[in-house]
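Peer 1: Let's see this in three dimensions:
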Amino acid sequence: MDGLKPDLKLSIVDQSPVHDDKNQAAALQDTLTLAIDADRLGYHRYWVAEHHATPSYAGSSPEIMIARIAAATEQIKVGSGGVMLTHYSPYKVAEVFRTLEALFPGRIDLGFGRGAGGSALPSQALAFPQHPADLDLYPQMVEMLASFADGVSSPANPFEGLPVTPGGAGAPALWTLGSSSGSIDFAAQYGLGFVLARIFHERGLQVWSCLLRA
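Peer 2: Residues are numbered from 1 along each chain as shown. Prediction:
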């Protein structure tokens, strides 16, 4: 630890990998164990990923894992790295994460991206009986999510004024995930925290860099 600044904050993003001849259910238990250890050791954040129909990764429901981890820990921030927003209604995602924030105030991060988190077939299954969202709609979906989660007025939200349950809860911290300079510009445009997904560029090395928000 020599040479590190005293205020350096260490965090973990966990894709719940399947290894050591274990099954996916056991991988989720490993994630919980690691999160508890990270909390005890003073890590700042613990994020879980979303993958579908991927044998090597067990995490398909980050919102459920976030609730379980937050309940088993005391102070570490817990979040998604991330929810694949194009699969879901921004309204529903906002309600889920406002519920988590109501249960664990000040500890919930909502990280989201526009990737599929898997191949084309699970994307179709997630959208059934509709079709997967057109990626051209993603900026509007982000504006709607921010409007619902933060209660901020947005002309892009056709449902503005619709109550978001639970009332009286704070807003989770919003982070957008990306792997290019265009994604950084997007985050700056909407005033979001940004996480650089270097995971796509480091030959399998799983590295995420948090920028723009402490």
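Peer 1: what's the distance between the residue nearest the centre of the chain and residue 51?
Peer 2: Centrality entry for the chain: nearest residue to the mean C-alpha point is residue 80, 2.3 Å, by Cα atoms, centre = their mean. Between residue 80 and residue 51 the distance is 12 Å, computed by Cβ to Cβ, to the nearest Å. Quick note: C-beta positions are derived from backbone N, CA and C, even for glycine.
Peer 1: if I look at residue 81, how far off is residue 107?
Peer 2: When distances are taken as Cβ to Cβ, residue 81 and residue 107 turn out to be 15 Å apart.
Peer 1: which of these two has more neighbours?
Peer 2: Looking at residue 81 and residue 107 with other Cβ atoms under 10 Å, you find the greater number of neighbours at residue 81, namely 28 against 22.
Peer 1: Go ahead and list the helix or strand containing the residue lying closest to the more buried one once chain neighbours are set aside.
Peer 2: Counting by Cβ to Cβ, 6 or more residues apart in numbering, residue 81 lies nearest to residue 47, which is 3.5 Å off, once chain neighbours are set aside. Assignment of secondary structure by DSSP states H and E places residue 47 within strand 45-48.
Peer 1: what's the nearest residue to residue 63 once chain neighbours are set aside sitting at in phi/psi?
Peer 2: In space, residue 63 comes closest to residue 96 once its chain neighbours are excluded; the distance is 5.0 Å by Cβ to Cβ, 6+ apart. Note on residue 96: backbone dihedrals following degrees, to the nearest 10 are phi -60, psi -50.
Peer 1: Hmm, residue 96 is touching residue 61, no?
Peer 2: No: judged on Cβ atoms under 8 Å, residue 96 makes no contact with residue 61 at a distance of 10.2 Å.
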